[in-house]
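K.L.:
coordinates only, sequence not included:
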Ligand SMILES: C[S@@+](CC[C@H](N)C(=O)[O-])C[C@H]1O[C@@H](n2cnc3c(N)ncnc32)[C@H](O)[C@@H]1O
């Protein structure tokens, strides 16, 4: 995801879910960490807004070191420019690749990952890495999106835009499409050495994009295929995208109010597990 500037202005959906995470688990985190100083690493931090403006404030914890990592250089650059200081750092890191040297050994009180892991193909490997980042009593905080109208829309457009979209479905982890994704992800976590503390499966989570402009820009910010299309075709695609949305939402009072399935959960390192990367 390279549209860092666009994403930084169109992440209301992710922001709303992050706020919901703290409605569910804020008290748990405050009970756990109290006034202690806390270190955190955020995987797939994007432009850093959710980490700095939501996590750091809504959690009401006392952060001594904050690290955001992302595989997109554009996102990391924007995050550094917007939020970087002498205790908030951002680094380039792909959770599916080997961990860069300076990041290899540190352990954190909290590992968070919001709206990122659905892009990751090898989830068990990512979970083992996340477990390795945790201190022995650390907490993993996760918001994991599974289904979204954008998936249905882009699926409808695959044939027409096939040279540019052939593989887009492969960008999402296969569990996103499965009804029993909750069972699968819980098993993956267990087998990677992460014990679930609390797990919420929101099957009817709603988000209202409000206007067609905001809807279009929000989807554009996360679309990995658009950059492959010639400019003229891109405009046609954005137009078609709206047509498909109106069709899918026919009969609904507000076509921009869409349903998603999201997992909100917290876990801890299972100290009896000896799985390593
Ligand atoms: C939708 S954004 C979410 C950003 C932020 N967490 C938020 O809630 O606003 C997903 C981010 O995950 C990053 N990402 C995707 N796959 C990744 C991977 N394998 N390793 C690290 N970051 C990844 C993308 O580059 C993108 O910035």
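P.N.:
In hand now; what should we look at? The structure presented is a predicted model; accordingly, all values stated were derived computationally and were not measured.

K.L.:
show me which residues of the stretch 51-200 of the chain sit near the ligand.
P.N.:
70-72, 75, 94-96, 114-116, 119-120 (Cβ under 6 Å from any ligand atom). From N, CA and C alone the C-beta is placed, and that goes for glycine too.

K.L.:
which one of these has the most neighbours?
P.N.:
Counting neighbours by other Cβ atoms under 10 Å, residue 70 leads these with 27 neighbours.

K.L.:
and that residue, its phi and psi?
P.N.:
Backbone torsions for residue 70, taken as degrees, to the nearest 10, come to phi -150, psi 150.

K.L.:
now do the strands in the stretch 101-250 of the chain.
P.N.:
Under the criterion DSSP state E, counting those that start in this stretch, strands of the stretch 101-250 of the chain are mapped to 108-114, 134-147, 194-208.

K.L.:
and the last one, how far out from the chain's middle?
P.N.:
Computed by Cα atoms, centre = their mean, to the nearest Å, the chain-centroid distance of strand 194-208 equals 13 Å.

K.L.:
helix or strand for residue 67, which one?
P.N.:
Residue 67 belongs to strand 62-70 when assigned by DSSP states H and E.

K.L.:
report the inter-axis angle for the next helix or strand after that strand versus strand 62-70.
P.N.:
Proceeding C-terminally, strand 62-70 gives way to helix 73-83 as the next helix or strand, assigned by DSSP H and E. If you take axes from the mean of the first three to the mean of the last three Cα atoms, to 10 degrees, helix 73-83 sits at 150 degrees to strand 62-70.

K.L.:
any idea of the mean pLDDT for helix 73-83?
P.N.:
For helix 73-83, mean pLDDT is 97.

K.L.:
other SSEs contacting it?
P.N.:
Helix 73-83 is packed against helix 4-9, strand 62-70, strand 88-92, with contacts defined by 3 or more Cβ pairs under 8 Å, 6 or more residues apart in numbering; DSSP states H and E.

K.L.:
ok, and what's touching the shortest one?
P.N.:
I take that to be strand 88-92. 45, 48, 52, 65-71, 73, 76, 79-80, 83-84, 100, 102-103 (Cβ atoms under 8 Å, 6 or more residues apart in numbering).

K.L.:
kindly report the same for stretch 49-58.
P.N.:
For stretch 49-58, contacts defined as Cβ under 8 Å, 6+ apart pick out 8, 11, 14-15, 18-19, 22, 26, 40, 42, 45, 63, 66, 68, 82-83, 88, 112, 114-115.

K.L.:
give the contact list for the residue nearest the centre of the chain.
P.N.:
Centroid check for the chain by Cα atoms, centre = their mean gives residue 115 as the closest residue, at 1.5 Å. By Cβ under 8 Å, 6+ apart, residue 115 lies in contact with 14, 17, 44, 46, 50, 143-145.

K.L.:
residue of the stretch 151-277 of the chain with the smallest distance to the ligand?
P.N.:
The minimum distance from the stretch 151-277 of the chain to the ligand, using Cβ to the nearest ligand atom, falls at residue 222 (5.5 Å).

K.L.:
still on that earlier bit, looking at the helices and strands packed on helix 73-83, which one has the lowest mean pLDDT?
P.N.:
helix 4-9 (a mean of 90).

K.L.:
show me what it is packed against.
P.N.:
If you count contacts as 3+ Cβ pairs under 8 Å, 6+ apart, helix 4-9 packs onto helix 73-83, helix 212-222.

K.L.:
could you dump these to CSV with distance to residue 139?
P.N.:
What follows is the helices and strands packed on helix 4-9, written out as CSV (distance: least, Cβ to Cβ, whole Å):
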stretch, distance to residue 139
helix 73-83, 22
helix 212-222, 27
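
K.L.:
so residue 186 sits against residue 199, correct?
P.N.:
Yes: under the criterion of Cβ atoms under 8 Å, residue 186 makes contact with residue 199 at 6.9 Å.

K.L.:
for this structure, what are the low-confidence residue spans?
P.N.:
Counting by pLDDT under 70, the low-confidence segments of the chain come to 1, 101-102, 104, 169-170, 273-277.

K.L.:
let's see it at 80
P.N.:
Residue ranges of the chain with pLDDT under 80: 1-2, 99-106, 166-171, 271-277.

K.L.:
in it, where's the longest helix?
P.N.:
helix 12-33 (DSSP state H).

K.L.:
residue 176: how many residues sit nearby?
P.N.:
Residue 176 has 18 neighbours, counted by other Cβ under 10 Å.
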